[in-house]
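Asker: When you get a sec, could you give me coordinates for this:
(one chain, ligands or ions: 2)
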Amino acid sequence: PLWGRRPPNQKAMGEKAAENGIAAMAACYQRFDPASYLKYNYTPPRADFGRDDSIVPWKLARLHRAFTEGDVRGDLLVDVGSGPTLYQVLSGCEVFSKVILTDFLEVNRQELRRWLRDEGGCSLDWTPYLQYVCQLEGRRPSAWTEKAAKLRQVVQDVLPIDVHCPQPVAPHGLPAAGADCLVSTFCLESVSPDLAAFTRALGHVGSLLRPGGHLLLIGALGESYYLGGPGVKIPVVPLNEAQVCASLVESGYTLIRLEVYTLPQDMRVGVDDVSGVFFVKAKKL
Ligand SMILES: C[S@@+](CC[C@H](N)C(=O)[O-])C[C@H]1O[C@@H](n2cnc3c(N)ncnc32)[C@H](O)[C@@H]1O
Ligand SMILES: O=S(=O)(c1ccc2c(c1)CN[C@@H](CF)C2)N1CCSCC1
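Answerer: Ligands and ions are numbered 1, 2, ... in the order given. Reported below is the predicted structural model:
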């Protein structure tokens, strides 16, 4: 009889709801299409190297500065939730002797491996990105071929990852000492059903980082959805700066710098409802 049953445990109900939200998110990602995603976000007008107010120069310049201003050092850089993109490690590959790329989906890991093997058939030509970062480094743009070779040389592996697992990467996938630096772009808020899950995921990825290591985090502000393919609407947890800062502190990081970019109207092209982009440099306590 109902009156004889133990009242449902609030904690168990909360955990079940969290599991359901994460499972629903994973189901969305089964329809993610790398080629469409790259086209929506990494070709003009969003990826316009000729515009001073373009998001691309803004992001690449912040990554370049963060990797080269002297406090970030070590051997191993891990990119969390790489997707099918490489721009996020173009500066880091000059600073770290080992880079590990990661993603939840095999289709994205395959896209990355296609570029790394230089076999052709990639969905996007990264040359403009390589050339731009070479210029940031004071090199001539034609040095992009050397940078491409450098990146292919330092990438050690492309591993599966699930940021909702307390141990996001399989045992022995990474050295026991952890990574010296993590970079993650547009991942955590795009795979978490709510703010609590985003904060937990931040803590989980922190377990991959050695104490004193750095986290470079780029993400969307005020975004509630994006298109991961034609008709593939993926929910995003809308964040503001204060929530990003609070989640970092709650997950054991100390904030070094947070910068915000506000998307010009003509870059709001219907593939998402993002209003801004944040760049965070933080350190694991
Ligand atoms: C919006 S994309 C970001 C891709 C890339 N980092 C960028 O800057 O464009 C989000 C990525 O998170 C990955 N992802 C989905 N669920 C995940 C999970 N549970 N753990 C880690 N990554 C996940 C997706 O496969 C996708 O590649
Ligand atoms: O900042 S972007 O405009 C950008 C890049 C990627 C994303 C968004 C925005 C917003 N939706 C995210 C969904 F997860 C993915 N950008 C696109 C051009 S290259 C640099 C990054």
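Asker: Let me know whether Pro141 touches Cys134 as I believe.
Answerer: Yes - between Pro141 and Cys134 there is a contact under CB atoms under 8 Å: 5.5 Å. The way it works is simple: take the backbone N, C-alpha and C, and place the C-beta from them, glycine included.
Asker: ok, these two, which is more surrounded?
Answerer: Neighbours per residue, other CB atoms under 10 Å: of Pro141 and Cys134, the larger number sits with Cys134, 20 against 13.
Asker: for the helix or strand where that one lies, which positions count as buried?
Answerer: Assigning secondary structure by DSSP states H and E places Cys134 in helix 127-136. Across helix 127-136, burial judged by 16 or more other CB atoms under 10 Å covers Pro128, Tyr129, Leu130, Gln131, Tyr132, Val133, Cys134, Gln135, Leu136.
Asker: Now tabulate these in JSON lines and tack on pLDDT.
Answerer: Below are the buried residues of helix 127-136 laid out as JSON lines (pLDDT from 0 to 100):
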{"residue": "Pro128", "pLDDT": "96"}
{"residue": "Tyr129", "pLDDT": "97"}
{"residue": "Leu130", "pLDDT": "97"}
{"residue": "Gln131", "pLDDT": "96"}
{"residue": "Tyr132", "pLDDT": "96"}
{"residue": "Val133", "pLDDT": "97"}
{"residue": "Cys134", "pLDDT": "97"}
{"residue": "Gln135", "pLDDT": "96"}
{"residue": "Leu136", "pLDDT": "96"}
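Asker: Against ligand 2, which of the residues you listed make the cut? List them.
Answerer: Checking the buried residues of helix 127-136 against ligand 2 by CB under 6 Å from any ligand atom, not one of them is in range.
Asker: Looking at the residues you listed, which is nearest ligand 1?
Answerer: Tyr129 (11.6 Å; CB to the nearest ligand atom).
Asker: give the contact list for the closest one.
Answerer: Ala47, Val56, Leu60, Leu86, Tyr87, Leu90 (CB atoms under 8 Å, 6 or more residues apart in numbering).
Asker: Ramachandran coordinates for the first one?
Answerer: The phi and psi torsions at Ala47 (degrees, to the nearest 10) take the values phi -100, psi 80.
Asker: measure it to ligand 1 for me?
Answerer: From Ala47 across to ligand 1, the span is 11 Å (CB to the nearest ligand atom, to the nearest Å).
Asker: cool, the third one as well?
Answerer: Taking CB to the nearest ligand atom as the measure, Leu60 and ligand 1 are separated by 12 Å.
Asker: Check which residues of stretch 222-241 are buried.
Answerer: Applying a neighbour-count criterion of 16+ other CB under 10 Å, the buried positions in stretch 222-241 are Glu223, Tyr226, Leu227, Gly228, Gly229, Val232, Ile234, Pro235, Val236, Val237, Pro238, Leu239.
Asker: Got phi/psi on the second one?
Answerer: This means Tyr226. The phi/psi pair for Tyr226 (degrees, to the nearest 10) reads phi -150, psi 160.
Asker: Tell me the bridge partners for it.
Answerer: Ile234, Asp272 (DSSP bridges).
Asker: Between the buried residues of stretch 222-241, which sits nearest ligand 2?
Answerer: Comparing the buried residues of stretch 222-241 against ligand 2 with CB to the nearest ligand atom places Tyr226 closest, at 3.7 Å.
Asker: Quick check, the closest one in contact with Val232.
Answerer: No - applying CB under 8 Å, one finds Tyr226 not in contact with Val232, separated by 9.1 Å.
Asker: Which strand residues bridge the residue nearest in space to the middle of the chain?
Answerer: Nearest to the mean C-alpha position of the chain, counting by CA atoms, centre = their mean, stands Thr185 at 2.4 Å. Under DSSP bridges, the beta-bridge partners of Thr185 are Ile218.
Asker: I figured it was touching Val277, is that so?
Answerer: No - judged on CB under 8 Å, Thr185 makes no contact with Val277 at a distance of 9.4 Å.
Asker: so what's in contact with those two at the same time?
Answerer: Lys59, Ile218, Gly219.
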